[in-house]
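Trainee: Have a look; sequence and predicted model below, questions after that.
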Amino acid sequence: MTVVETGRFSVRRSSSFEQVPGDLPPAGQFINGRFVPGTSGDTMNIEDPASGNVVAAVAAGTVEDTDAAIAAAVAAKQAWAAATPKHRSDVLHRIAGIIEDNRELLERLEALNTGKPEAVAEDDITSALDTFRFTAGAARSLTSLAAGDYAEGHTSVILREPVGVVGVITPWNYPLLMAAWKIAPVLAAGNTVVLKPSEQTPLSTLKLAELIAAELPAGVLNIVTGAGSVVGQRLAEHPDVDLVAITGSVGSGQKVAGSAAGTVKRVHLELGGKAPVVVFDDADLQAAAAGVRSAGFWNAGQECGAACRVLVHASVAEKFTELLVREVSSIIVGGPGTGTETEVGPMISRAHFERVQEALRQAKADGLNIAVGGSAIEGPGYFIEPTVITGVPAGAGISGQEIFGPVVSVETFGTDEEAVQRANETPYGLAASVWTTDAARSLNIPRRLDFGTVWVNSHLVLACEVPWGGFKGSGYGRDLSLYALEDFSRTKHVMINHGA
Ligand code: NAD
C-alpha cells in the first residue's frame, strides 16, 4: 500500500487490489435469458474511479436492443404471473444463495467499478442479499381486504395481480443494491423486468444476470446497458412497459415521468435528497458528531439520504462544530483493497468530481468558512477531502443543493419552530434526523418534518422490513418492505352477483 500525502488528508492506495480473471460479465445485452451482441456494435468504456483507468467496455444500447428486451419480457409475463408465490419465493431464495456464494467476487467487482472502500462494498452486497431474502418471505404473505358481501347479494373478492412489464432504471452510487431493491419486489409480485443500469456502473448488475440466469425463465429478467436518453427514455415511453421505476436525480425523474405520461403508465420515483440533521441543545453532541461522521461521509457522501446539512442550536453550535471537525479530520480516505478502516473513496467519475469541486469553489466564493477539507486530492483518481463548511446563513444556496460528495454544511437555529421551518425549507423530502434527549421532542418534531424517513438520535440506518422513499421533489413510491410489493402490483375487484 502507498500513502500519498496531500494536506490534511492522504489517500491510501493498494497495488494488490486487482481484477481477477473471470470477474467481468460476458459482453453484450442480457435478453431472453442469454447474452446477445448489441445491435449497434458500439461500446461504452467503464472506468475505475480510484485510478481513472478503463477496466471494461459494455454495449451502448439502442432503441432496437430495448425493444427486443421488452418483447422478451412481454412474452414471459403470463407464465411468471401464473407462478405461485411459493415458487417465486423459492427462486428469490436461490438468488440470495447465489449472491452469498459469490459475495467476494461481487464485492470486488463493485469496488473496481465504483472505487468503494471494502466496508462499503461489503455492506452493499450484504444488503442486496438480505433484500432478496426478506422479499422471498414477504412474497408469500401479501394481504388485501377480506372477501365479503359489501353490497347486497354480491360477493366481492380482491385479487392482487402483477402490473406486467416493469422498466427499471438504476443509479451508480449503489449499483447492485439499487438493482436488488427493484428486481426482488418486482419479480416477487409476478412482473417481468427490463433493467437499465447506470452507464458508469453496469458490471455488477450484468454479473448478477449471468450468475442467476439458470434460475429464471427466459425473458423474466432482461438487462440493457446504454444511455439514459436512449435506453431509459425508451423504457419510459414504450407502450408495452406497464410501470417504469427510476432511482436517480430529480432531473432524470422528471424526464422519465414526462416520457411515461404519453402512455399513462405507472411511475415509481426514488430521487435525490438533502437530509437535514437537526441537533437540539439537549442532544448528546458527541453522538451527533459521530453520527454525522458516519452518515454524512458513507459512500463518500454519494448517498441520497446522506447527513449532509446540519442545523444545530446556536447555544451548542461551537461545541458541536469542534466535535464534528475533530471527527471528520480523522476520516481515512482511500481506494479499494486498503483495509476495512478506509472510510471514504473517490467520486464516481471525472464529471462528478468536477461538479463537487465547483460546489466547493462556490461555497468559498460565497464567503463560507471551510472548517476542514475543501479541496480535491491530487490524483490519480477522483478523491475529494472530507469537508465541513460552517457559518452557513439561512437560505444559503448550499443548503438546498444536493452536492452528493463528502461535504457537510453547518447552520444554526434559535427556536424549535425555526428548526422545523428551516429543515423543511428544501425541495427535497427523502430523509432527516433529529438529535435530542427530550422525549417530547423525539415524538413531536418528526411528525412536523416533511421527509419519508426521520431518524431520532440516528441517521442512515435501514432495514428491509421498513419502507424507504421520499416526499416532494424526492419522488413517490416506496422501496423495501411490503409497501414495495404493493407498489409493484395492482388490485382488482371481482364482484359476483349470487342472487341471494
Ligand atoms: P442520474 O439521474 O444521472 O442517473 C440515474 C439513471 O437515470 C441512470 O441509469 C441514467 O442513465 C438514467 N437516466 C438519465 N436520464 C434519463 C432519461 N432522460 N430517461 C430515462 N433515464 C435516464 O443519477 P445518478 O447520478 O446515477 O445517481 C445519483 C442520483 O440518484 C442522486 O440524485 C441521488 O440522490 C439519487 N438516488 C436516490 C436514491 C433514493 O433511494 N431516493 C438512491 C440512490 C440514488
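Mentor: The structure has been received and is ready for your questions. Numbering: from 1, shown residues only.
Trainee: Tell me the residues of the stretch 51-200 of the chain that contact the ligand?
Mentor: 169-173, 178, 196, 198-199 (Cβ under 6 Å from any ligand atom). Bear in mind the C-beta positions are built from the backbone N, C-alpha and C, glycine included.
Trainee: no wait, the chain
Mentor: So far as Cβ under 6 Å from any ligand atom goes, the chain lies against the ligand at 169-173, 178, 196, 198-199, 228-229, 232-233, 236, 246-249, 252, 255-256, 270-273, 304, 402, 404, 430, 470, 474.
Trainee: So, low pLDDT: which residues of this protein?
Mentor: 1-7, 500 (pLDDT under 70).
Trainee: Check which helix or strand Ile246 maps to.
Mentor: strand 243-247 (DSSP states H and E).
Trainee: Paired strands for that strand, with orientation please.
Mentor: strand 165-169 (parallel), strand 266-270 (parallel) (DSSP bridges).
Trainee: can you give me the strands for the stretch 351-500 of the chain?
Mentor: 369-372, 387-390, 407-413, 428-429, 431-435, 453-456, 471-472, 489-497 (DSSP state E, counting those that start in this stretch).
Trainee: contacts for the fifth one?
Mentor: Outside of strand 431-435, the residues that reach it under the criterion Cβ atoms under 8 Å, 6 or more residues apart in numbering are 273, 275-280, 283-284, 287-288, 291, 295, 304-305, 307, 423, 441-442, 445-446, 449, 451-460, 470.
Trainee: Just the buried subset of the residues you listed, please.
Mentor: 273, 275-280, 283, 288, 291, 295, 304-305, 307, 423, 441, 445-446, 449, 451-455, 459-460, 470 (16 or more other Cβ atoms under 10 Å).
Trainee: So which of these are in helices?
Mentor: 288, 291, 295, 423, 441, 445-446 (DSSP state H).
Trainee: OK, contacts around Gly219?
Mentor: 32-33, 72-73, 75-76, 192.
Trainee: if you set the cut-off to 10 Å instead, what comes out?
Mentor: By Cβ atoms under 10 Å, 6 or more residues apart in numbering, the residues touching Gly219 are 31-33, 69-77, 79-80, 165, 192-194.
Trainee: out of everything not next to it in sequence, what's closest to it?
Mentor: Ala76 (3.1 Å; Cβ to Cβ, 6 or more residues apart in numbering).
Trainee: can I assume that neighbour is in contact with Ala82?
Mentor: No. The pair Ala76 / Ala82 is not scored as a contact, 11.0 Å apart, by Cβ atoms under 10 Å.
Trainee: Between these two, which is the more surrounded one?
Mentor: Just comparing Ala76 and Ala82: by other Cβ atoms under 10 Å the higher neighbour count belongs to Ala76, 22 against 10.
Trainee: ok but the more buried one is inside a strand, no?
Mentor: No. Under DSSP: H, G, I helix; E, B strand; the rest coil, Ala76 sits outside any strand and is assigned helix.
Trainee: any idea where the strands of the stretch 51-200 of the chain begin and end?
Mentor: Using DSSP E, counting those that start in this stretch, strands in the stretch 51-200 of the chain cover 53-59, 148-151, 154-162, 165-169, 192-196.
Trainee: Can you verify my assumption that Phe134 contacts Leu462?
Mentor: No. Using Cβ under 10 Å, Phe134 is not in contact with Leu462; the gap is 11.5 Å.
Trainee: Next, count neighbours for the closest residue to Asp23 other than its chain neighbours.
Mentor: Spatial nearest neighbour of Asp23, chain neighbours left out: Leu109 (5.3 Å); criterion: Cβ to Cβ, 6+ apart. By other Cβ under 10 Å, the residues close to Leu109 number 28.
Trainee: Just give me how far stretch 450-458 sits from the chain centre.
Mentor: 17 Å (Cα atoms, centre = their mean, to the nearest Å).
Trainee: residues contacting Pro406?
Mentor: Contacts for Pro406 (Cβ under 10 Å, 6+ apart) come out as 9, 296-302, 306, 308, 328, 331, 333, 343-347, 356, 373, 383-388.
Trainee: quick one: which of those sit in helices?
Mentor: 296-297, 328, 356.
Trainee: still on that earlier bit, tell me which two in the residues of the stretch 51-200 of the chain next to the ligand are the farthest apart.
Mentor: Asn173 and Lys196 (15.6 Å; Cβ to Cβ).
Trainee: Which of the two has more residues huddled nearby?
Mentor: With neighbours defined as other Cβ under 10 Å, Asn173 and Lys196 compare such that Lys196 has more, 29 against 24.
Trainee: neighbours around Gly251, how many?
Mentor: Neighbours around Gly251, by other Cβ under 10 Å: 10.
Trainee: Show the end-to-end separation of stretch 170-180, please.
Mentor: 10 Å (Cα to Cα, to the nearest Å).
Trainee: my guess is Phe132 contacts Leu92, does it?
Mentor: Yes. Counting by Cβ under 10 Å, Phe132 touches Leu92, with 5.1 Å between them.
Trainee: Now for these two: what residues contact both?
Mentor: In contact with both Phe132 and Leu92: 183-185, 187-188, 212, using Cβ under 10 Å, 6+ apart.
Trainee: Kindly report the domain assignment for the chain.
Mentor: According to automatic domain parsing, the chain is divided into the following domains: 15-271+474-492, 276-463.
Trainee: Tell me who's in contact with Lys274.
Mentor: 304-306, 308-309, 398-404, 409, 426-432, 473-474.
Trainee: Can you say which of these are buried?
Mentor: Looks like the contacts of Lys274 have 304-306, 308-309, 398-399, 401-404, 409, 426, 428-432, 473-474 buried, using 16+ other Cβ under 10 Å.
Trainee: Closest residue of the stretch 301-450 of the chain to the ligand?
Mentor: Cys304 (3.2 Å; Cβ to the nearest ligand atom).
Trainee: for the stretch 101-250 of the chain, what spans make up the helices?
Mentor: 103-114, 118-138, 175-188, 203-212, 233-237, 250-261 (DSSP state H, counting those that start in this stretch).
Trainee: So what's the residue count around Ser16?
Mentor: Neighbour count for Ser16, taken as other Cβ under 10 Å: 7.
Trainee: correction: Leu142
Mentor: With other Cβ under 10 Å as criterion, Leu142 counts 14.
Trainee: And for Asp282?
Mentor: 13.
Trainee: That one contacts Asp416, correct?
Mentor: No. If you go by Cβ under 10 Å, Asp282 and Asp416 don't touch, sitting 11.0 Å apart.
Trainee: Setting aside sequence neighbours, what's the nearest residue to the most centrally placed residue in the chain?
Mentor: The centroid of the chain falls nearest to Met178 when counting by Cα atoms, centre = their mean (4.9 Å). Closest residue to Met178 apart from its sequence neighbours, by Cβ to Cβ, 6+ apart: Thr170 at 4.5 Å.
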